[in-house]
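Undergrad: My questions concern the predicted model and sequence given below.
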Amino acid sequence: MGKINVLDKHVAELIAAGEVVERPSSVIKELVENSIDAGATAITVEIKNGGVTFMRVSDNGSGILKEDIRPAFIRHATSKVKEEDDLDAIATLGFRGEALASVSSVSHLELITKAREEELGTRYLIEGGEEVLFEDAGCPDGTTFIIRDLFYNVPARMKFLKTDMAEGNAVSNVIDKIALSHPEIALTYIKDSKNMLHTVGDGKLLSAIYAVYGRDFTRKLIPVDYTLGGVHVTGFISSPENARPNRNMQNFFINHRFVICKTAMAAISEACKGTVMVGKFPSCVLNLDMSFNAVDVNVHPTKLEVRFVNERPVFDAVYHAVKTALMNSEKRVEAKLGNDTTKPIKRVNPFELAQKVFRERDEQSAVKQPLPRVNLQQEQKKADALFTMLDEPEVSVPKINLNTKVADSASPVEEQYRRDIEEKRAEKAQEPITPDPESEQPVPVGEGLDPPTNQSAADVPEEPIEEPRLLIEVDDNAYRYIGEAFKTYVIIEKNPRELLLIDKHAAHERIIFEKLKKEKGSGYSQLLLTPITVTLNKIDYNAVIEHLDVFREAGFDIDDFGSGSIIVRSAPQYLPLEDIKPSVIEMAGYLSEHKKEIRSEKMEWIYANVSCRAAIKGGNNSTEQELIALAKTVEDEDIRHCPHGRPVCIVLKKHELERMFGRVE
Ligand code: ADP
Ligand code: MG
């Protein structure tokens with residue numbers, strides 16, 4: 001054993017920094033949270049190269065007094081809680097006074113700030129924890145932090161950074177969550193000189209959701225507002241018919257801080273039982289306002305999972321909030337921007353917040369509220385009733401005529417939407433249209449947009465809705481069709497010697513799978529008359545953009561539609577129209593979760609996904625001809641298992657039957 005050395009200050013700083021600063025997104029989170037705490041009403045975030053070389057956060061908040069600048073960079077220096085206050089609050093609210101110390105020790109940091117009460121602002125440079133410059137500067141009220149070359153002096157940490165794309169995604173995700181949790185702040189986000197997000201900051205959650213997830217997503221939401229057992233749940237949940245194949249669009253906030261909340265996830269699933277199909281998850285943006293003492297948020301500076309002192313009240317509140325919202329949605333008028341009746345979110349002063357924590361803690365020790373019991377049977381009945389109600393046709397949303405000028409009274413969000421669309425149209429108009437030699441169909445102009453109202457409905461050809469058909473033809477006397485059991489199992493007599501029992505879905509699935517694999521999607525792709533737009537969260541969206549070739553090979557022609565949306569122009573031929581969107585969402589989720597998988601593995605999964613959806617289902621009607629053809633293909637190609645490994649065909653030899661019936665030994 002060597003002699004024990006006390007690490008010098010610089011090394012100790014680097015170790016401590018690792019706890020707070022993991023990657024660019026954690027720096028952005030800390031800086032933006034500081035801006036929010038400083039009372040900013042407008043915050044601009046800009047990053048380059050995933051944030052690794054450049055991050056800038058500007059706000060119009062309180063600014064930092066000249067005399068407070070140096071202390072702000074000392075570890076455990078914070079203006080937000082006083083010494084006599086409690087350590088609890090520091091843990092709960094995340095005021096640890098560590099962020100600036102940590103970030104400045106592992107980067108080149110520039111700070112430009114001016115407090116309202118001061119004449120002149122300050123420019124401060126600090127590199128690897130060492131002060132380089134401290135000078136007066138003429139600048140507006142508020143604060144700008146510029147962080148360059150993160151981890152330039154910690155190569156070990158640098159090595160753990162992922163690609164710029166992945167780091168940029170993580171930042172985008174943090175920004176989305178902040179936008180959703182603080183609709184009262186106008187947030188602008190620029191990535192590699194591209195405008196990625198702008199929220200208006202009108203305090204309306206729906207405006208923020210619109211900016212983050214787009215129009216399509218926003219108009220299918222049901223408002224939630226419910227209080228139970230000291231937990232106030234507010235926000236929006238997607239209608240059951242718009243549930244998604246994964247939880248990637250479930251957003252939970254506790255007291256306006258983003259968290260990963262397994263209790264709330266479980267409560268939503270429970271509340272949606274019977275209304276949402278098994279394996280589907282409603283999207284949501286829900287805030288849970290509750291006593292700060294009931295929850296332990298950000299126990300570790302970068303961990304997002306929360307711990308509750310008692311989970312039951314949280315579960316019950318979310319469960320009943322969602323149930324009630326679904327019940328009320330019978331009276332649902334589409335969630336419209338102008339219709340957002342939720343109270344605008346007001347800003348909170350961090351100091352007052354800390355005071356509230358102490359007050360609540362003192363009060364809480366005196367009061368214990370009994371919780372109402374849930375009668376699950378009764379809830380199920382209500383859910384069943386609701387299910388029937390939801391089958392009723394949706395109230396339609398008036399279409400926006402893009403050719404007319406929007407009235408002056410239009411909300412800023414609508415204006416923004418109009419501008420976005422006009423930009424998109426202009427971009428599209430400039431693109432040379434290359435005719436597809438394979439396709440005879442004309443490509444409609446302005447795809448994905450609502451048709452202008454002066455176009456009559458008859459001009460728009462209807463997309464044919466068909467049950468998937470088996471396009472296999474055969475004329476072979478060797479196969480005699482006996483029948484179909486349960487509209488699922490085909491019974492065929494082959495030659496005089498064998499009886500085939502075929503699961504028609506599994507067989508068709510395997511046939512399509514093999515064909516997709518062989519033809520790499522080309523023979524299966526079909527141009528959609530009305531392209532479909534799909535909104536995704538930023539991580540899934542980027543996964544799609546990164547894998548456009550993979551989609552193309554599976555028969556999907558997809559383009560970037562900007563701001564987290566993509567547009568599907570072609571899809572595999574037999575994929576039912578209503579399956580295209582869920583299929584793309586599912587594939588996006590898979591690709592973002594399985595980044596490391598090699599291409600061939602991804603392709604296999606995607607082919608399997610498409611073929612499963614495209615294949616005829618048990619219960620579909622099929623003609624005798626089709627079923628014989630299916631049997632023949634199964635036999636010719638010796639198909640015995642579906643892509644998931646389930647058997648496709650069971651062969652009963654005549655001889656075996658005879659033995660079963662005791663005709664032969
Ligand atoms: P904490 O946020 O836990 O207090 P930080 O290290 O993040 O610790 O920040 C240290 C201090 O710097 C804050 O308490 C605050 O006084 C000041 N500060 C940081 N960012 C800003 C900002 N954008 N505007 C005003 N003051 C700020
Ligand atoms: Mg901070």
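TA: That came through, no problem. Residues are numbered from 1 along each chain as shown. Ligands and ions are numbered 1, 2, ... in the order given.
Undergrad: what's around whichever residue of the stretch 101-250 of the chain sits closest to ligand 1, how many residues?
TA: The nearest approach of the stretch 101-250 of the chain to ligand 1 comes at Thr143, 3.8 Å away (C-beta to the nearest ligand atom). (Each C-beta comes from the backbone N, C-alpha and C, glycine too.) Each residue near Thr143 was counted by other C-beta atoms under 10 Å, and the total is 26.
Undergrad: I'd guess it is in a strand, am I close?
TA: Yes: membership of Thr143 in a strand is supported by DSSP: H, G, I helix; E, B strand; the rest coil.
Undergrad: Isn't it up against Arg56?
TA: No: the criterion here is C-beta atoms under 8 Å, and Thr143 misses it with Arg56 at 11.1 Å.
Undergrad: so what are the domain limits for this protein?
TA: Split into domains by automatic domain parsing, the chain comes to 9-198, 220-336, 480-651.
Undergrad: Pull out the buried residues from the longest strand along the chain.
TA: Looking across the chain with DSSP state E, the single longest strand is strand 525-535. Within strand 525-535, the residues scored as buried using 16 or more other C-beta atoms under 10 Å are Ser525, Leu527, Leu528, Pro531, Ile532, Thr533, Val534, Thr535.
Undergrad: ok, which residues in this protein are in contact with ligand 2?
TA: Proximity of the chain to ligand 2, by C-beta under 5 Å from the ion, involves residues Asn34, Ala99.
Undergrad: Make a markdown table from the domains of the chain and add mean pLDDT to it.
TA: What follows is those, written out as a markdown table (pLDDT from 0 to 100):
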| stretch | mean pLDDT |
| --- | --- |
| domain 9-198 | 88 |
| domain 220-336 | 84 |
| domain 480-651 | 85 |
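Undergrad: Now distance to Val664 too, for these, in a markdown table please.
TA: What follows is these, written out as a markdown table (distance: least, C-beta to C-beta, whole Å):
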| stretch | distance to Val664 |
| --- | --- |
| domain 9-198 | 66 |
| domain 220-336 | 47 |
| domain 480-651 | 14 |
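Undergrad: Can you say which of those is nearest to Ile209?
TA: domain 220-336 (5.7 Å; C-beta to C-beta).
Undergrad: hmm, the closest one touching ligand 1?
TA: No: contact of domain 220-336 with ligand 1 is not found when judged by C-beta under 6 Å from any ligand atom; the minimum separation is 9.5 Å.
Undergrad: Just give me the neighbour total for Val306.
TA: Neighbours of Val306 using other C-beta under 10 Å come to 21.
Undergrad: go on, Val106?
TA: 25.
Undergrad: Kindly report the same for the one 4 residues further on.
TA: Counted with other C-beta under 10 Å, the burial measure for Glu110 works out to 18 neighbours.
Undergrad: Arg123 is in contact with that one, correct?
TA: Yes: here Glu110 reaches Arg123: they are 7.2 Å apart, a contact under C-beta under 8 Å.
Undergrad: hey, where'd the helices end up in the stretch 101-250 of the chain?
TA: Counting by DSSP state H, counting those that start in this stretch, the stretch 101-250 of the chain has helices at residues 155-160, 164-181, 205-218.
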